[in-house]
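> Below are the sequence and a predicted model; questions follow.
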Amino acid sequence: MSVSPTHKPRRVVVTGLGATTPVGGTAPQTWEALVAGRSGVRTLTQDWVAEHELPVTFAGSVHTSPADVLAKVEVRRNDPSGQYALVAAREAWADAGSPEVEPERLGVAVGSGIGGVWTLLTQWEVLKEKGPRRVFPLTVPMLMPNGPAAAVSLDLSARAGAHCPVSACASGAEGMGLALDMIRDGRADVMVAGGTEAAIHPLPIAAFASMTALSTRNDEPERASRPYDVDRDGFVIAEGAGLMVLEAEEHARARGARIYAEIVGVGTSSDAYHITAGHPEGEGAARAMTEALTDGGLSVEDIVHINAHATSTPVGDLAETRAIHRAFGARTGDIAVTATKSMTGHLLGAAGALEAVLTVQALHHRQVPPTINLENMDPEIDLDVVTGGPRALGDGDLAALNNAFGFGGVNVALAFRTWS
Amino acid sequence: MALSEQEILSGLAEIVNEETGLEPDEVQMDKSFTDDLDIDSLSMMTIVVNAEDKFGVRIPDDEVKNLTHVRDAVSYIANNQG
């Protein structure tokens, strides 16, 4: 492999994984479900769906309620987005072996696309119905987007920083990129990084539906998220969190930590093209991918797998396909691409983080989970999409990319390598 | 019918448990909300509002700062219940 591992002063490795998603309450449960091709998208049973006559009646809700995992007080004092972050952070931290680290050398970067929308709108109702004295005193820290990052920081006594990148559906991936940079720059030795989102609420659903971004396949929810399929009609809103423990290589080695993979590069760009639509030729997305490769000392030949952003919108999947072509040229057909949103739905600000976790798991297990619901490939899309079951990756030193794009024209690509 | 101080204490302990997770039997008359029970001012406001609902009393914001110990809150509620 044409890799120069010493391109930056410090190497950064992944030592812990955590996730709470529509298909599982933990990262391993999530992985197992996705390899088996199981969808977590279901018809919503809440009264508010009919009450507001929502045009979309399904979503990817978390598989395991945080109330089953957290103390009652933690549930009361955190917005659902903070609850999911806490659940995933504790899993990742325990999975990493609860590293001994100076609090001043431990940081947090947990992105969120929308923030505490449940808290905001629930407390607005309290204000209207019961008056200002009944508004919950923790409303502001619960609704602020950095509430989850702060909650994780408090929980782990992380004092090197508690950051919350906000870039819509790229937020979680930006969190990981920021964590990578903080460790490489020597500002922290260990980071808990990723993203969280809890926006299955009538207002975001109505708003996304109003812009015709959501699939309306109400009669077949499990088949609604169908990236690359010619009949795809929008994304499926979902929720959850994905977090990792990232660690300076020497720190992980010194304590004999189990290492899943190395995070080697991050690329970011902005389209400056349209507030919601990505550049139709994927110009900015391609630059982000190329930058992630360069940053990671990788060449296009090194990448064997991409966990694509692929949300199942007609325009977005096509633009990303063009971006991959732009970045990888003749190598495009050799890359095993998958769109796990076909099973999880779109976790918005947590999507990039969850899919980064899945990319690490793919390298660790040397296996790519399938894309489901791909029955008739869009003739304009000519990627090697993994369908029909998981696909084994080869032996040796392998590298993979994860893409995450967000409203506002934000593009983030993260590059990972196997560790041996 | 007016509630006894013991009944008020028991009801208050339930509210404190709901808000903080503290075991109800830790909420005793001689305990300080801040020093013994580690209840901050934000949690105290929620406890006050919930106590107002539960016991049908009004506890003005100016009064809350005087309720430093559990006994103060129980006495205030006992003396002001409707």
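Yep, it's here. These figures come from a predicted structure and were not determined experimentally.

> List the residue ranges of the chain that fall below the pLDDT cut-off.
All of this is about chain A. A:1-9 (pLDDT under 70).

> wait, I meant chain B there
Applying pLDDT under 70 to chain B flags residues B:1, B:82.

> how about the residues of it near chain A?
Applying the criterion CB under 8 Å from any CB of the partner chain, the portion of chain B that neighbours chain A consists of B:18, B:19, B:20, B:21, B:42, B:43, B:45, B:46, B:49. Every residue, glycine included, has its C-beta placed from N, CA and C.

> redo that, cut-off 10 Å
Where proximity means CB under 10 Å from any CB of the partner chain, the interface of chain B facing chain A comprises B:17-22, B:40-46, B:48-50, B:52-53, B:58, B:61.

> Out of the residues you listed, which end up buried?
Buried positions within these, assessed by neighbour count (16 or more other CB atoms under 10 Å in any protein chain shown), are B:17, B:18, B:19, B:20, B:22, B:43, B:44, B:45, B:46, B:48, B:49, B:50.

> Was I right to think the third one contacts residue B:47?
What that stands for is residue B:19. Yes. Between residue B:19 and residue B:47 there is a contact at 5.5 Å, judged by CB atoms under 10 Å.

> Common neighbours of the two, please.
Common contacts of residue B:19 and residue B:47 (CB atoms under 10 Å, 6 or more residues apart in numbering or on different chains): residue B:39.

> circling back: which members of the buried ones among the residues of chain B next to chain A occur in helices, if any?
Cross-referencing those against helices under DSSP state H gives B:17, B:18, B:19, B:20, B:43, B:44, B:45, B:46, B:48, B:49, B:50.

> And the furthest pair within these?
Put simply, by CB to CB the two of these set farthest apart are B:17 and B:45, 16.8 Å from each other.

> Tell me which residues touch residue A:154, please.
Residues in contact with residue A:154, defined by CB under 10 Å, 6+ apart, are A:86, A:108, A:162.

> The first one: which element?
Here residue A:86, judged by DSSP states H and E, is contained in helix A:80-95.

> Show me what secondary structure element comes after that helix.
Scanning forward in sequence from helix A:80-95 by DSSP H and E, the next helix or strand is strand A:106-111.

> Enumerate every residue touching residue B:19.
Residue B:19 makes contact with A:72, A:73, A:76, A:77, B:39, B:42, B:43, B:44, B:45, B:46, B:47, B:50 under the criterion CB under 10 Å, 6+ apart.

> Would you mind naming what in the stretch 1-150 of chain A lies close to chain B?
A:71-74, A:76-77, A:130, A:133-138, A:141.

> Is it possible to get TSV of those that adds neighbour count and secondary structure?
Written out in TSV, the entries for those read as follows (neighbours: other CB atoms under 10 Å in any protein chain shown; DSSP: H, G, I helix; E, B strand; the rest coil):
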residue	neighbour count	secondary structure
A:71	11	coil
A:72	13	helix
A:73	15	helix
A:74	18	helix
A:76	17	helix
A:77	24	helix
A:130	12	helix
A:133	13	helix
A:134	15	helix
A:135	16	coil
A:136	17	coil
A:137	16	coil
A:138	19	coil
A:141	18	helix
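
> leaving aside the residues next to it on the chain, what's closest to residue 68?
Assuming you mean chain A. residue A:25 (7.7 Å; CB to CB, 6 or more residues apart in numbering or on different chains).

> meant chain B, my bad for not saying
With CB to CB, 6+ apart as the measure, residue B:32 is the residue that lies nearest to residue B:68, at 5.9 Å, once sequence neighbours are left out.

> same check, this time on residue A:355
Distance criterion CB to CB, 6+ apart; nearest residue to residue A:355, sequence neighbours excluded, is residue A:307 at 4.6 Å.

> rewinding a little: if you count neighbours, what's buried in the helix holding residue A:86?
Within helix A:80-95, the residues that count as buried by 16+ other CB under 10 Å are A:80-93, A:95.

> which of these lies closest to residue A:354?
residue A:88 (9.0 Å).

> Surely the closest one is in contact with residue A:354?
Yes. If you go by CB under 10 Å, residue A:88 and residue A:354 touch, sitting 9.0 Å apart.

> Pull up the overlap in contacts between those two.
Among the neighbours of residue A:88, those also in contact with residue A:354 (CB under 10 Å, 6+ apart) are A:19, A:20, A:21, A:27, A:194, A:195, A:196, A:240, A:241, A:242, A:243.

> Can you name the residue of the stretch 201-350 of chain A nearest chain B?
Scanning the stretch 201-350 of chain A for the residue nearest chain B gives residue A:241, at 22.5 Å (criterion: CB to the nearest CB).

> now the angle from the strand or helix carrying that residue to strand A:106-111?
Applying DSSP H and E as the criterion places residue A:241 in strand A:240-248. Our comparison of strand A:240-248 with strand A:106-111, counting by axes from the mean of the first three to the mean of the last three CA atoms, to 10 degrees, yields an angle of 150 degrees.

> How about residues contacting whichever helix or strand comes after strand A:240-248?
Toward the C-terminal end, the helix or strand that comes next after strand A:240-248 (DSSP H and E) is helix A:249-254. Residues external to helix A:249-254 that are found in contact with it (CB under 10 Å, 6+ apart): A:5, A:10-15, A:96-97, A:99-101, A:105, A:183, A:188-190, A:245-248, A:257-259, A:262, A:419.

> Only alpha carbons, please: show helix A:249-254 as CSV.
The C-alpha trace of helix A:249-254 is given here as CSV (Å, rounded to 0.1, in the frame of the first residue of the first chain):
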residue,chain,number,x,y,z
GLU,A,249,-1.7,5.5,19.1
GLU,A,250,1.0,5.7,21.7
HIS,A,251,-1.6,6.1,24.5
ALA,A,252,-3.6,3.1,23.2
ARG,A,253,-0.4,1.0,22.9
ALA,A,254,0.8,2.0,26.4
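
> about what we covered before: how much space separates the residue nearest to residue A:68 from chain B?
22 Å (CB to the nearest CB, to the nearest Å).

> same thing with residue A:98?
From residue A:98 over to chain B (counting by CB to the nearest CB), the distance is 22 Å.

> Can you give me the neighbour number for that residue?
12 (other CB atoms under 10 Å in any protein chain shown).
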